[in-house]
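J.: prediction below, plus the sequence it came from.
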Amino acid sequence: MKEQNNKYLTDLIDKCTNCGNCRIICPAYKYTGEEIYSTRGRINLIKGLANEELHPSSEMKNLLSVCLNCRQCLRYCPAEVEYFSIIRYAKNRIRNRNWMFDIITFFTEGLFSHKHATSEMFFSATGLFRKLIYKNNKLNFIGRFMGRSAKLRPVTDIPSIARRNFFEMGIRHKLNNGRDIRTALFTGCGGKYLYPEAADRFVMILRSNGIETLIPKEQVCCGNPLSYKGLLKKSENVLKKNAEVYNQLIGLNCIVSLCSDAVIAFKERSDSGKEPKFRFPVLNWLDFLLQNKIQVIPEYENSIIFHSCPKCGDFKVYENFIKNIYSDYTKIPEFTHDYCGSTELLDRSNPGLRDQITRDFCEMNGIKGYSYIACSSFECVDHLNAYFLRNQLSVKAIHFVQALRPAPVNDTSAGT
């Protein structure tokens, strides 16, 4: 480890007082009951690594990878330890070089590349590969043969890639009654490749409300899936690329993101002093709707529950938003901010632990009784849909914006 990075990591670790508050909320500790799997336990492991008392190993990599990136411990830490920064630097330090890890890294870097053409190629290839090895969402003969080495489950763990990405959908929404507000949309990989209908719905809402919306085709991943894997240099490359792409635009009020993690990543870059910075403020999609009083009404009246995972931010904002737009309805839908087991987009690590967490989440909130669960992040949508598919549940996870539509032009009572 470079001396500068090692000192930075040591300084972060030294803020930890070993109080153990993080154990109250850490899902890995809750389900294993072992200190080594708690946030405090992982920090002490990383401390040994930084002080060169421990050495990078496959065992250490497995212990650290148990962290599910739920970020709940951050709210319970009296010392405000930047745990997310600690663990991503540690993962960067201990990346193993066995052939399977290299293959996984190769595809991760390809899917979330700083070159949009490379991402498109890898997402398209993933879709074709899925068709090759799956039939009716289960591994076929070829899939079972290949799946043994890749440790794929019999029921699909590879998501169904949309036939067309957002830019290939061919839908163009006209601008109604322009309000002299100009923004640029960051779709995220979820809105571009996996759930392009969510990005399309959001563009329709904005332009129907007179918001001029630009969507740069050259935008790439926010960098969080790479950072989560410890691929910090690659993550830096995509942040730099996005800053270059959005800084070319003129006359923006702000950048609006459908990816809640991207808002944090983009702001961190602007605050870090690294060049190029984002020269426009970055807002979460819901904050933008609220600030500009954008008129929306619910898409679904019944059989839907709304969900915001702890790492998405202030769940009260999401919950109050739902109560507001359903205020004229006979029933306000249920809302849950419990942790559902999601990590980063397309991550399939810790399957046993995450299934246990998601099973408890579904039972506690009666998810089987609904047709839809609307989530505030693509990570939750991706994770829950994979779980529902494996367990043959007739529930569909959608992004929040897919549960909204523009208010009728003459309807002045509905809104945010």
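T.: Received the coordinates, thanks. Numbers count the residues shown, from 1 in each chain.
J.: residue 255 belongs to a strand?
T.: Yes. Under DSSP: H, G, I helix; E, B strand; the rest coil, residue 255 sits within a strand.
J.: how near is it to residue 283?
T.: Computed as C-beta to C-beta, to the nearest Å, the residue 255 to residue 283 distance reads 7 Å. Heads up, the C-betas are built off the backbone N, CA and C, glycines and all.
J.: which one of these two has more residues nearby?
T.: Each of residue 255 and residue 283 has its neighbours counted (other C-beta atoms under 10 Å); residue 255 has more, 25 against 22.
J.: who's the more buried one bridged to?
T.: Judged by DSSP bridges, the bridge partners of residue 255 are residue 184, residue 282.
J.: what pLDDT does it get?
T.: For residue 255, the model assigns a pLDDT of 98.
J.: so who does it touch?
T.: 183, 184, 185, 186, 246, 266, 278, 280, 281, 282, 283 (C-beta atoms under 8 Å, 6 or more residues apart in numbering).
J.: and the buried ones among these, selectable in PyMOL?
T.: Buried residues within the contacts of residue 255, by 16 or more other C-beta atoms under 10 Å, are selected in PyMOL with:
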select buried, resi 183+184+185+186+246+266+278+280+282+283
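J.: and which of the contacts of residue 255 is nearest to residue 359?
T.: residue 186 (32.8 Å; C-beta to C-beta).
J.: and the residue nearest to that closest one when sequence neighbours are not counted, what does it touch?
T.: Leaving aside its chain neighbours, residue 186 sits nearest to residue 257 (4.2 Å; criterion: C-beta to C-beta, 6 or more residues apart in numbering). By C-beta under 8 Å, 6+ apart, the contact set of residue 257 is 185, 186, 188, 222, 263, 266, 282, 283, 284, 285.
J.: hmm, who's touching stretch 164-173?
T.: 120, 123, 187, 191-193, 196-197, 199-200, 203-204, 207-208, 215, 217.
J.: just the buried ones from these?
T.: Buried subset of the contacts of stretch 164-173 (neighbour count, 16+ other C-beta under 10 Å): 120, 123, 187, 191-193, 196-197, 199-200, 203-204, 207-208, 215.
J.: which sections of the stretch 251-400 of the chain are below the confidence cut-off?
T.: Low-confidence regions of the stretch 251-400 of the chain, defined here as pLDDT under 70, do not occur.
J.: just the strands in it please.
T.: Here the stretch 251-400 of the chain has its strands, by DSSP state E, counting those that start in this stretch, at 254-257, 282-284, 296-298, 304-307, 335-336, 372-375, 396-399.
J.: deepest of those, which one?
T.: Each of the strands of the stretch 251-400 of the chain was scored by mean neighbour count; the highest is strand 372-375, a mean of 25, by mean count of other C-beta atoms under 10 Å.
J.: what are the pairing partners of that strand, and which direction each?
T.: strand 304-307 (parallel), strand 396-399 (parallel).
J.: what's the helix or strand that comes right after the last one in contact with?
T.: Spelled out, that is strand 396-399. Later in the chain than strand 396-399, the nearest helix or strand by DSSP states H and E is strand 404-406. Applying C-beta under 8 Å, 6+ apart, the external contacts of strand 404-406 come out as 201, 204, 205, 208, 209, 295, 296, 297, 298, 299, 325.
J.: report the distance from strand 404-406 to the chain centre.
T.: Relative to the chain's own centre, strand 404-406 is displaced by 22 Å; criterion: C-alpha atoms, centre = their mean, to the nearest Å.
J.: quick one: low-confidence parts of the stretch 1-150 of the chain?
T.: In the stretch 1-150 of the chain (pLDDT under 70), the answer is 1-5, 95-101.
J.: mind listing the helices for it?
T.: Ranges of helices within the stretch 1-150 of the chain are 3-13, 27-32, 39-50, 58-64, 73-76, 83-93, 99-111, 116-133, 141-150, based on DSSP state H, counting those that start in this stretch.
J.: now the contacts of residue 255 as CSV including distance to residue 147?
T.: Output for those, formatted as CSV (distance: C-beta to C-beta, whole Å):
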residue, distance to residue 147
183, 43
184, 41
185, 37
186, 34
246, 40
266, 37
278, 41
280, 44
281, 45
282, 39
283, 41
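J.: let's have the strands of the stretch 251-400 of the chain in a markdown table, adding distance to residue 29.
T.: A markdown table is the format used below for these (distance: least, C-beta to C-beta, whole Å):
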| stretch | distance to residue 29 |
| --- | --- |
| strand 254-257 | 31 |
| strand 282-284 | 29 |
| strand 296-298 | 38 |
| strand 304-307 | 23 |
| strand 335-336 | 22 |
| strand 372-375 | 25 |
| strand 396-399 | 26 |
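J.: closest to residue 378 among the contacts of residue 257?
T.: For the contacts of residue 257, the nearest to residue 378 is residue 188 (5.9 Å; C-beta to C-beta).
J.: ok, now which ones touch the nearest residue in space to that closest one that is not next to it in sequence?
T.: Closest residue in space to residue 188, ignoring its immediate chain neighbours: residue 259 at 3.1 Å, by C-beta to C-beta, 6+ apart. Neighbouring residues of residue 259 by C-beta under 8 Å, 6+ apart: 186, 187, 188, 189, 190, 191, 222, 377, 378.
J.: my read: the third one touches residue 378, true?
T.: The one in question is residue 188. Yes. Look at residue 188 against residue 378 with C-beta atoms under 8 Å: they come within range, at 5.9 Å.
J.: quick check: neighbours shared by those two?
T.: 258, 259, 345.
J.: what's the distance between the second one and residue 397?
T.: What it means is residue 259. For residue 259 relative to residue 397 (C-beta to C-beta), the value is 16 Å.
J.: same check, this time on the first one
T.: Distance, residue 258 to residue 397, by C-beta to C-beta: 15 Å.
J.: kindly report the same for residue 347.
T.: From residue 347 to residue 397 the distance is 15 Å (C-beta to C-beta).
J.: can I assume residue 332 is in contact with residue 326?
T.: Yes. Residue 332 lies in contact with residue 326 (C-beta under 8 Å); the separation is 4.5 Å.
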